[in-house]
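K.L.:
only geometry, no sequence info:
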């Protein structure tokens with residue numbers, strides 16, 4: 001039995017899982033965003049609620065750049081107090097249990113590699129659409145982290161740079177699903193700006209204003225996918241994140257790729273784009289797979 005903990009900006013999800021990837025129990029607690037001390041207390045309470053003697057290990061999914069060998073977090077994403085925290089060492093020394101930690105977007109990619117949409121592919125890219133764009137690159141059936149551990153951080157790719165001001169337009173902004181939903185919510189004067197389901201009711205209902213914004217968003221995604229296709233030449237590009245459950249997302253991305261190819265005949269790439277198998281629980285599966293893989297070495 002393994003305790004798998006997915007640290008998110010709003011909730012910490014945690015589950016007991018077996019080595020085949022079956023979820024036995026799953027719960028969540030609100031993520032403390034105040035300071036490291038409060039954060040650790042919640043993590044400790046999650047662990048101490050378990051029968052520690054029954055645990056074979058603890059696997060974390062966490063925002064930030066992760067040194068998986070040292071178990072150290074850098075930057076921490078929405079939780080900046082996690083910067084340079086050796087979380088794996090803290091937990092192992094306190095409880096005497098093996099601990100691993102991996103970046104959340106890379107966990108999502110590992111989930112798809114293990115049991116999901118890219119498990120049969122040698123080379124693939126997994127893109128997680130959320131507040132920004134998380135990425136995971138699979139080369140020769142293995143997650144590629146890069147020399148500085150930042151391979152797959154596609155949010156930092158600059159679509160455009162102003163030659164005068166040197167300011168850039170970033171993929172993490174123009175391809176942010178959260179910002180796309182918020183823009184449509186503002187135009188349609190919705191009371192809940194983060195309600196993606198209501199926004200997609202407008203999109204699926206052929207609302208002109210909503211679809212104009214959604215088309216613009218998908219064009220930017222298509223440009224990113226084409227760029228990655230030329231750089232990495234993956235067999236499959238898998239799209240994940242909350243909005244990927246909407247069939248219209250894949251349909252419109254494919255339309256956008258064809259639009260760009262038609263308007264720019266120089267394009268020869270033909271990306272194969274699919275949706276991820278795992279969505280809300282992807283990080284749990286990927287974190288467990290990372291633990292199992294690391295312990296086999």
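P.N.:
Yep, that arrived. All values reported here derive from a predicted model rather than from experimental measurement.

K.L.:
residue contacts, the residue nearest to residue 188 when sequence neighbours are not counted?
P.N.:
Distance criterion CB to CB, 6 or more residues apart in numbering; nearest residue to residue 188, sequence neighbours excluded, is residue 202 at 5.8 Å. Every C-beta, even on glycine, is put in place using the N, C-alpha and C of the backbone. By CB atoms under 8 Å, 6 or more residues apart in numbering, the residues touching residue 202 are 184, 188, 209-210.

K.L.:
did I read that right, residue 202 in a helix?
P.N.:
Yes. The assignment for residue 202 (DSSP: H, G, I helix; E, B strand; the rest coil) places it in a helix.

K.L.:
who does residue 13 form a beta bridge with?
P.N.:
Beta-bridge partners recorded for residue 13 (DSSP bridges): residue 6, residue 28.

K.L.:
how far away is it from residue 135?
P.N.:
Distance from residue 13 to residue 135, counting by CB to CB, to the nearest Å: 21 Å.

K.L.:
please apply the same query to residue 199.
P.N.:
Taken as CB to CB, the span from residue 199 to residue 135 is 24 Å.

K.L.:
looking at these two, which one has more neighbours?
P.N.:
Counted by other CB atoms under 10 Å, residue 199 and residue 135 do not tie: residue 199 has more neighbours, with 28 against 25.

K.L.:
so which helix or strand takes in the more buried one?
P.N.:
helix 196-204 (DSSP states H and E).

K.L.:
got phi/psi on the spatially closest residue to residue 41 that is not a sequence neighbour?
P.N.:
Leaving aside its sequence neighbours, residue 41 sits nearest to residue 32 (CB to CB, 6+ apart; 7.6 Å). Note on residue 32: backbone dihedrals following degrees, to the nearest 10 are phi -70, psi 130.

K.L.:
pLDDT at residue 32, what is it?
P.N.:
In this model, residue 32 is scored at 94, pLDDT.

K.L.:
show me the contacts for it.
P.N.:
Residue 32 neighbours (CB under 8 Å, 6+ apart): 38-39, 41-42.

K.L.:
how close does the closest residue to residue 10 other than its chain neighbours get to residue 273?
P.N.:
Setting aside the residues directly before and after it, residue 10 is nearest to residue 31 in space (CB to CB, 6+ apart), at 6.0 Å. The gap separating residue 31 from residue 273 is 32 Å, by CB to CB.

K.L.:
kindly report the same for residue 114.
P.N.:
Residue 114 is 20 Å from residue 273, by CB to CB.

K.L.:
next: residue 148.
P.N.:
28 Å.

K.L.:
looking at these two, which one has more neighbours?
P.N.:
residue 273 (19 against 9).

K.L.:
do you know how far that one is from residue 231?
P.N.:
Distance, residue 273 to residue 231, by CB to CB: 16 Å.

K.L.:
kindly report the same for residue 61.
P.N.:
Relative to residue 231, and taking CB to CB, residue 61 is found at 26 Å.

K.L.:
mind checking which of these two has more residues around it?
P.N.:
Set side by side, residue 61 and residue 231 show more neighbours around residue 61, with 31 against 11, by other CB under 10 Å.
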